[in-house]
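Undergrad: kindly return the folded structure for what I paste below:
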Amino acid sequence: MRKLFFFAILALVSGLATAQEKCYWVFFTDKNDTQFDPYSYFDAKAIERYQNCGADLYDISNYPLNDSYVNVVNAYSTDIFGQSRWLNALGVEATDDNIARIAQLPFVERVQEIVSNGTISRVETEFDNVSGDTTDILTDQLKRFGGQHFVDKGIDGKGLRICVMDGGFPKVDTHPAFKHLRDNNQILKTYNFPNRKEDVYGWNTHGTMVLSCIAGINKEGQKLGLATGAEFLLARTEIEPEPFKEEVWWAQGAEWADKNGADIINSSLGYGKDRHWTRDMDGTSYVAKAANKAVEKGILICNSAGNEGSDSRWMTIITPADAENVLCVGGINASLEYYQHISFSSYGPTADKRRKPDVVAFGHAKVANPSGGFTEADGTSFASPLTAGFCACAWQTKRDLTALQMKAEIQKSCDLYPYYDYAYGYGVPQAAYFTGELEPAVRTFNLVQEKDGVRITFPPIFDFKNEDVFINVEGEDGVLLGYYKLPPDKKNGIMLKNKDFGEGKKLNVFYYGFYDSCPISGMGGDINLLADHYNSQNGTFKKVKTEGWQKTTFFQYDYNLPNGTFNGFNRHFAFGRRWFYGKTYKIGMGLGLDWNRFVRNDKDSDIHPFHDQVMLRNMQLRGELLQRIVFRRVGLNWDFGGYGGINITRRVRITDKTYITDDMGQHLADDDYSKKVTTYYNCKNMNLFEYGATTRISYSIANMLNLGVYCNYRLSPVCKDTDNLIHPSGECYISPSPWSVGVEIELVP
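TA: Numbers count the residues shown, from 1 in each chain. The predicted model follows:
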């Protein structure tokens, strides 16, 4: 009966997990019988952009969805929470049964469950008021772009329209950082896609900080972003904790930006490791398709690379930053002297080995504090809007260029170009390139072919700068096989041996503004030299770990609840390994060793007064089958499942009390007795097998450690005979309580 109860509970929980409503894309086969007038639909600035970039106003992607199709799908859906003209698709919420019916409709091409969990690309914020340097109009984050060149020429993004898509913009309508935008009516339109209304001035504070990195001004009058003269569209497309719908809202937001004349979209958002595999980051997600479509229509998109650089299980960027035409922005440390990858910034390449990120900017920035004043924040979320503000100013100098041409120019302006690697991209864009004030590079090193390899030498009279030499090795297919940076050695140079590289490779070197490359000759093997440099602060290559089953190591300590006869002594210890497969929903199995100990005191018992104590011990080889649901936004995991084990050892230790008697055979005082300890090994009356149900809640710390509490319910009794113990046979009686609670540490490699 207990077994049936256990499996019924598991079936019920699993059934609830699968029967609940889910979110889907529903793609239609056509747009038959729809009408479209671009001149009444588009803002005048959007029409101008279409004409300038040669895009077709009457492209079928701009036509609305067929209303009759939408109405039929709506009848089967719990909710239609969004739609995309570009993708000819609806975002719907429906049960499994209803989505199966929708899939059979003749005008439905396909349905696909939405499995992308939106994330805001922020690491942390420090809400302390900070003051700027009142002698400068620019903060350091803008000086890194050479932003003074723009300021001197009065370039501030005027004439450009920027759409910011984020999770909310609290206090943008009152904060002094945006007073100039309000006074000059530079915020043209707003829309809240989750709530289907225009109000965006609330919810997540992230958007406020992001906007300040594009166009904010601090209390000392310093610019936090370069594009203080641009116009703005503010779109709320993210909501917490909503794990499924943001991908649809992102596509809707891009279409809304297109309709309302945006030239640039900043998206400090991403869809990655919460539900996707790294292999999915190949530019084929639906947000990536929407992003590429926006660029085709003349919009330049800046998107943060993501903050997964410290996670060795996710060595790529996030989508839609993986889209071919999107300007993917990574992060560097906030320093005007040193060039260092900031540890959390995601590395490239894409899953299909394309070069990403494209550029980098400060990953630590001064921002407007939605609670008042100004603060500092970390994340590629802020590198992206800093770059978006730069792009608006750069595009102001070259308005005849298309979005794709502008993206190429931004890359060429970078301070490492044409050198490239997967940590820094092409480097930080420079304003001097667009104002015609960029100084030509001076040769700072030579590549000398020697018998054993290539030596990087430096001129003896060269004034060495406090900068590293950037080096990468490129394969025949253009994929980087490794990269690193080293300090220059004026005396001996830097020797790169053929045996470390091999035939058919290309060596690329950059130092202090100068770039050179050469083929690598000679027979070589693996790139061991590059593999040895593994410090992310040096921008070195990190290998993508094989995806699939994720393994963890766990340690448990629990307490068996008392039940009146057993005092509930703890089950000492357990440790083992688990294997999980999945992202937000995981299936898993575990294997471990348990040491159990149950103690019953009979000293004061009327039933067995001759027993002072009975102790049950066993060592158990235990397996478990689990389901894990991951609530990433709050850092929690919920496990539930069943376990079963075989007792390798079964031991009963009985401590008897034998009273001391006088010559007449009468026992003396109650405290005058001796103890006799008898141990019965391989006790037959203790069950060989154990099974039960388990559930656990754990909190994830930095993707490396899970701290949890758990509860087990044992369905099998510890002993076969639960009524009596016939001394001294070793048969045990009255099983301990089936309930136990404990704590667990789970190590995630």
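Undergrad: now residue 297, nearest residue through space, not along the chain?
TA: With sequence-adjacent residues excluded and distances taken as Cβ to Cβ, 6 or more residues apart in numbering, residue 297 is closest to residue 55, at 4.8 Å. Any C-beta I mention is one placed from the backbone N, CA and C, and that applies to glycine too.
Undergrad: pLDDT at that neighbour, what is it?
TA: In this model, residue 55 is scored at 95, pLDDT.
Undergrad: who's in contact with it?
TA: Residue 55 makes contact with 49, 296-298, according to Cβ atoms under 8 Å, 6 or more residues apart in numbering.
Undergrad: now, which of those lie within helices?
TA: Those of the contacts of residue 55 mapping onto helices are 49, 296, per DSSP state H.
Undergrad: which of the contacts of residue 55 count as buried?
TA: Listed as buried from those are 49, 296-298; burial here means 16 or more other Cβ atoms under 10 Å.
Undergrad: I'd like those as CSV, with pLDDT and distance to residue 355 appended.
TA: Below are the buried ones among the contacts of residue 55 laid out as CSV (pLDDT from 0 to 100; distance: Cβ to Cβ, whole Å):
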residue, pLDDT, distance to residue 355
49, 97, 27
296, 96, 20
297, 97, 24
298, 97, 23
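Undergrad: show me the two of the residues you listed that sit farthest apart.
TA: Distance extremes for these: the farthest pair is 49 and 296 at 11.6 Å, using Cβ to Cβ.
Undergrad: ranges for the strands of the stretch 201-350 of the chain?
TA: Along the stretch 201-350 of the chain, the segments classed as strands by DSSP state E, counting those that start in this stretch run 231-236, 264-267, 269-271, 300-304, 327-332.
Undergrad: of all those, which lies closest to residue 378?
TA: From the strands of the stretch 201-350 of the chain, taking Cβ to Cβ, the stretch that ends up closest is strand 327-332, at 8.3 Å.
Undergrad: I'd like to know which elements that closest one is packed against.
TA: strand 300-304, strand 359-362, helix 380-397 (3 or more Cβ pairs under 8 Å, 6 or more residues apart in numbering; DSSP states H and E).
Undergrad: for the record, mean pLDDT for it?
TA: The average pLDDT within strand 327-332 is 97.
Undergrad: keeping just the C-alphas, turn it into CSV.
TA: This file holds the C-alpha atoms of strand 327-332, laid out as CSV (Å, rounded to 0.1, in the frame of the first residue of the first chain):
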residue,chain,number,x,y,z
LEU,A,327,26.8,44.5,-32.7
CYS,A,328,27.7,42.2,-29.7
VAL,A,329,29.3,44.2,-26.9
GLY,A,330,31.6,42.6,-24.3
GLY,A,331,33.1,44.1,-21.1
ILE,A,332,36.5,45.2,-19.9
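Undergrad: what residues does that strand touch?
TA: 300-305, 317, 321-322, 339-342, 344-346, 348, 356-364, 379-380, 382-384, 387, 391, 407, 410, 423-425, 428.
Undergrad: hmm, try it at 6 Å
TA: Residues from elsewhere that reach strand 327-332 (Cβ atoms under 6 Å, 6 or more residues apart in numbering): 302-305, 317, 321, 341-342, 345, 356-360, 363, 380, 383-384, 387, 407, 425.
Undergrad: nearest residue to the most centrally placed residue in the chain other than its sequence neighbours?
TA: With the centre of the chain defined as its mean C-alpha position, the nearest residue by Cα atoms, centre = their mean is residue 273, 4.8 Å away. Excluding its sequence neighbours, the residue lying closest to residue 273 (Cβ to Cβ, 6+ apart) is residue 314, at 4.5 Å.
Undergrad: re the thing from before, which one, of the strands of the stretch 201-350 of the chain, ends up nearest to residue 71?
TA: Residue 71 lies closest, by Cβ to Cβ, to one member of those: strand 231-236, at 26.4 Å.
Undergrad: name every strand pairing with the closest one and say which way it goes.
TA: Next to strand 231-236 in the sheet, as set by DSSP bridges, lie strand 161-166 (parallel), strand 187-192 (parallel).
Undergrad: and the contacts of it?
TA: Strand 231-236 is contacted from outside by 161-165, 168-169, 186-192, 200, 253, 257, 260, 262, using Cβ under 6 Å, 6+ apart.
Undergrad: same check on stretch 335-352?
TA: The contact list for stretch 335-352 (Cβ under 6 Å, 6+ apart) reads 123, 140, 278-279, 281-282, 305-310, 315, 317, 322, 330-333, 355-357, 363, 380, 422-423, 536-537, 539, 542.
Undergrad: off-centre distance for stretch 584-598?
TA: On the basis of Cα atoms, centre = their mean, to the nearest Å, the separation between the geometric centre of stretch 584-598 and that of its chain is 27 Å.
Undergrad: report the backbone C-alpha coordinates of that stretch in PDB.
TA: This file holds the C-alpha atoms of stretch 584-598, laid out as PDB (Å, rounded to 0.1, in the frame of the first residue of the first chain):
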ATOM      1  CA  THR A 584      15.300  24.700 -16.100                       C
ATOM      2  CA  TYR A 585      13.700  21.300 -15.900                       C
ATOM      3  CA  LYS A 586      16.200  18.500 -15.300                       C
ATOM      4  CA  ILE A 587      16.000  14.800 -14.800                       C
ATOM      5  CA  GLY A 588      18.600  13.200 -12.700                       C
ATOM      6  CA  MET A 589      19.900  10.200 -10.900                       C
ATOM      7  CA  GLY A 590      22.200   9.800  -8.000                       C
ATOM      8  CA  LEU A 591      24.400   7.200  -6.400                       C
ATOM      9  CA  GLY A 592      25.900   7.400  -2.900                       C
ATOM     10  CA  LEU A 593      26.800   5.800   0.400                       C
ATOM     11  CA  ASP A 594      24.800   6.400   3.600                       C
ATOM     12  CA  TRP A 595      25.700   5.600   7.200                       C
ATOM     13  CA  ASN A 596      22.500   5.300   9.300                       C
ATOM     14  CA  ARG A 597      22.200   5.100  13.000                       C
ATOM     15  CA  PHE A 598      19.000   4.800  15.100                       C
END
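Undergrad: mind listing what's buried along that stretch?
TA: 586, 588, 590, 592, 594, 596-598.
Undergrad: now do that stretch, average pLDDT.
TA: Stretch 584-598 shows a mean pLDDT of 86.
Undergrad: repeat for stretch 244-256
TA: Per-residue pLDDT values over stretch 244-256 give a mean of 91.
Undergrad: cool, stretch 140-147 as well?
TA: In this model, stretch 140-147 has a mean pLDDT of 95.
Undergrad: stretch 631-646 too?
TA: For stretch 631-646, mean pLDDT is 86.
Undergrad: just give me how far it sits from the chain centre.
TA: With Cα atoms, centre = their mean, you get 20 Å for stretch 631-646.
Undergrad: please apply the same query to stretch 362-375.
TA: Distance, stretch centre to chain centre, for stretch 362-375: 22 Å (Cα atoms, centre = their mean).
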